[in-house]
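# Structure for the following, please:
(one chain, ligands or ions: 1)
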Amino acid sequence: MSARIVVLGGGGFLGSHLCDHLLGRGDAVVCVDDFSTGRRANVAHLDDHPGFALVEADVSRGIPVDGPVSAVCNLASPASPPDYLALPLETLAVGSEGTRHGLELARRHDARFLLASTSEVYGDPEVHPQSEGYWGNVNPVGPRSVYDEAKRFAEALTMAHHRRRGTDVVIARIFNTYGPRLRPDDGRVVSNFLLQALRGEPLTVYGDGSQTRSLCYVEDEVRGLVALLDSDLTGPVNIGSPDEYTVLQLARTVIELLGSSSVVEHRPLPTDDPTRRRPDITRARRELGWEPTTSLADGLARTATHLAGSAGLPDVP
Ligand code: UDP
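Predicted structure coming up:
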């Protein structure tokens, strides 16, 4: 029998690319999403695919999926800071109850469970780059804690299920990812800068722009997640790009790449914004033979073309 994989949050940016990849290699996919931050349009092209099923549900309340299940991938959560700050209680609920429901579904079917965790478990890191052995520096009562602590709880719950019930689990720690299907109003740095540059508006750099992020193109990210799903690792494993840029460097790269007339404008730095972030991917390289291969210029160009289309702007030159 071929695999039937349940993707929680399959209507989101990353989840929908994972659905595409799994269907592309011949797996059946059940996408579960409540479309609170995901979009129906992200999976509309899969409606007629014989291996694809869509279940519209809030996984923090339960996962109404019948039939065989060979793996559960939990990508259900708001992930952009403006989204999780606007949905604080929902973010905590999906990280805790949603993860519990996903683990129970996997356990019932003797299926593998993949948790999409995050570099945010490292908080504002005092260790650089971040390897999986670092325990993190998270403000437990700050505004970002709704996401960070939900994911940290989700990791703890996943490991408790594994130790207590023998559930087959793996934890991926995902770093900043970008690519087609980022929502124009997503609010994350890549979509904001690209849209602002395309419109000739100022690029909004928060703070002095010296904070760093390491950006992974979505196809590379999904390839890493699938390698992890197919492995027998438990993790956690960092799946992210080690290519680190300051936010100001990213702004200048975007302006140059698009030949934009935009200027940089500084705005206040959000509370607890991490000062630097870069994964140590030694473990992923060694255990999975995985590393990202898409250059920033290529990835940004493809993302710009898609964003221009979804925001109704003229084609990228
Ligand atoms: N950022 C920025 N301008 C924007 C959006 C984000 O300077 O319009 C900065 C933000 O302060 C952070 C980095 O870019 O330092 C990445 O932010 P994002 O929201 O993409 O994700 P995060 O890594 O903070 O979860």
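# Now do the contacts for the residue of the chain most remote from its centre.
Computed with C-alpha atoms, centre = their mean, the residue of the chain farthest from its C-alpha average is residue 261, at 30.7 Å. Residue 261 makes contacts with residue 200, as judged by C-beta atoms under 8 Å, 6 or more residues apart in numbering. Backbone N, C-alpha and C define where each C-beta goes, glycine included.
# ok now do residue 23, which residues does it touch?
Neighbours of residue 23 in contact, by C-beta under 8 Å, 6+ apart: 29, 46, 49, 51, 52.
# now the third one: how far from residue 78?
What that stands for is residue 49. According to C-beta to C-beta, to the nearest Å, residue 49 stands 27 Å off from residue 78.
# The two: which is more packed in?
Legend: neighbour count by other C-beta atoms under 10 Å for residue 49 and residue 78, higher for residue 78 (24 against 15).
# Of the contacts of residue 23, grab the buried ones for PyMOL.
In PyMOL syntax, the buried subset of those is picked out as below (16 or more other C-beta atoms under 10 Å):
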select buried, resi 29+46+51+52
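# Inside strands: which ones of the contacts of residue 23?
29, 52 (DSSP state E).
# Strands of this protein, start to end?
Under DSSP E, the chain gives strands at 4-8, 28-33, 52-56, 71-74, 112-118, 169-174, 177-178, 203-206, 212-214, 216-217, 237-239, 244-246, 264-267.
# can you put the ones you listed in JSON lines and add distance to residue 141 and mean pLDDT?
Below are those laid out as JSON lines (distance: least, C-beta to C-beta, whole Å; pLDDT from 0 to 100):
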{"stretch": "strand 4-8", "distance to residue 141": "28", "mean pLDDT": "98"}
{"stretch": "strand 28-33", "distance to residue 141": "30", "mean pLDDT": "98"}
{"stretch": "strand 52-56", "distance to residue 141": "34", "mean pLDDT": "98"}
{"stretch": "strand 71-74", "distance to residue 141": "25", "mean pLDDT": "98"}
{"stretch": "strand 112-118", "distance to residue 141": "19", "mean pLDDT": "98"}
{"stretch": "strand 169-174", "distance to residue 141": "23", "mean pLDDT": "98"}
{"stretch": "strand 177-178", "distance to residue 141": "27", "mean pLDDT": "98"}
{"stretch": "strand 203-206", "distance to residue 141": "21", "mean pLDDT": "98"}
{"stretch": "strand 212-214", "distance to residue 141": "24", "mean pLDDT": "98"}
{"stretch": "strand 216-217", "distance to residue 141": "30", "mean pLDDT": "98"}
{"stretch": "strand 237-239", "distance to residue 141": "26", "mean pLDDT": "98"}
{"stretch": "strand 244-246", "distance to residue 141": "28", "mean pLDDT": "98"}
{"stretch": "strand 264-267", "distance to residue 141": "24", "mean pLDDT": "98"}
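# Quick check: which of the ones you listed is nearest to residue 283?
Set against residue 283 and scored by C-beta to C-beta, the strands of the chain come closest in strand 237-239, at 5.4 Å.
# same for that closest one, what does it pack against?
strand 169-174, helix 218-230, helix 282-288 (3 or more C-beta pairs under 8 Å, 6 or more residues apart in numbering; DSSP states H and E).
# can I get the ones you listed in TSV with mean neighbour count and distance to residue 123?
Compiled in TSV, the helices and strands packed on strand 237-239 are given as follows (neighbours: other C-beta atoms under 10 Å; distance: least, C-beta to C-beta, whole Å):
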stretch	mean neighbour count	distance to residue 123
strand 169-174	24	12
helix 218-230	21	21
helix 282-288	16	20
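# Around the ligand, which positions in the stretch 151-300 of the chain sit nearby?
Proximity of the stretch 151-300 of the chain to the ligand, by C-beta under 6 Å from any ligand atom, involves residues 176, 188, 189, 192, 204, 205, 206, 211, 213, 247, 270, 273.
# Taking those residues, tell me the two that lie furthest apart.
The farthest-apart pair in those, when distances are taken by C-beta to C-beta, is 176 and 204, at 16.8 Å.
# More neighbours: these two, which one.
residue 176 (18 against 14).
# pLDDT at the more buried one, what is it?
What the model reports as pLDDT for residue 176 is 98.
# All good on my end, thank you.
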